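> One predicted model, sequence on top.
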Amino acid sequence: MKFFIDTAIMDEIRDIHAWGVLSGVTTNPSLIVKSGRDFREVITEIAALVGGDISAEVTGLSAQDMVTEGRDLAQWSQHVVVKLPLTPAGLSACRTLTDEGVKTNVTLCFSVPQALLAARAGATYVSPFAGRVDDIGWDGIDLIRQIKEAYLLGGIETQVLAASIRHPQHVVQAALAGADVATVPYKVFTQMVQHPLTDAGIEGFMKDWATLPGAKP
Ligand code: E4P
């Protein structure tokens, strides 16, 4: 399973990019607003730093508006993936943009039937929102598992992008459910890397090392 980071904040992206683990970035209108940056400026800056697939979301609601916006977004960088909502208009825009060779991420997916439609509309990625499904008392990880299973049975190449990830266990469960990618918030990356035994191990090694004759304090 690959990792994307789910943010438009450059400091967070730089930090995790430096770990050498990132294959891309996802943004949405709320995350762009949170970054306090100009949309185009921040997307092109992310694309230049990370490369990989950078999702930038349309805000129009009609298929025609989404296609117009998507064509524009795709000009910003070769790394831009146009993010479209899972609505009839979004599916229609996905088909048009896919036929024009533009990569797409069909987002706000909450069911297997929706995911099957996104795939047949040619989506490069489909984004099931695990955390938001959990929030309403359903099982977000089981949704990811079912989508992946249905895709495998149908020989579908659309990649399952586990989104709305809230904690490290979600990441583990998404990987075991067969997600191709997980888009992970900055905070969850920092939680994933932590382990008290790693810290204790380093402390022990450094303490022993310091006993070597001539070791610097
Ligand atoms: C990713 O593409 C989504 O925009 C994001 O994961 C949504 O996460 P949230 O439910 O925490 O807002």
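All right, it came through fine.
> Where does the residue nearest to residue 147 when sequence neighbours are not counted fall, secondary structure wise?
Setting aside the residues directly before and after it, residue 147 is nearest to residue 115 in space (Cβ to Cβ, 6 or more residues apart in numbering), at 4.3 Å. In this view, the C-beta of every residue, glycine as well, is placed from N, C-alpha and C. Using DSSP states H and E, residue 115 sits in helix 112-120.
> returning to that earlier point: test my guess that the residue nearest to residue 147 contacts residue 109.
Yes. Between residue 115 and residue 109 there is a contact under Cβ atoms under 8 Å: 5.4 Å.
> Give me the common contacts of those two.
Residues touching both residue 115 and residue 109 (Cβ atoms under 8 Å, 6 or more residues apart in numbering): 126, 128, 147.
> Quick check: the residue lying closest to the second one once chain neighbours are set aside vs the ligand, distance?
Read that as residue 128. In space, and not counting its chain neighbours, residue 128 is closest to residue 109: 4.6 Å by Cβ to Cβ, 6+ apart. Distance, residue 109 to the ligand, using Cβ to the nearest ligand atom, to the nearest Å: 10 Å.
> and if you look at residue 33?
12 Å.
> so how far is the helix or strand containing that residue from its chain's centroid?
Applying DSSP H and E as the criterion places residue 33 in helix 29-35. Its chain's C-alpha centre and that of helix 29-35 lie 15 Å apart, by Cα atoms, centre = their mean, to the nearest Å.
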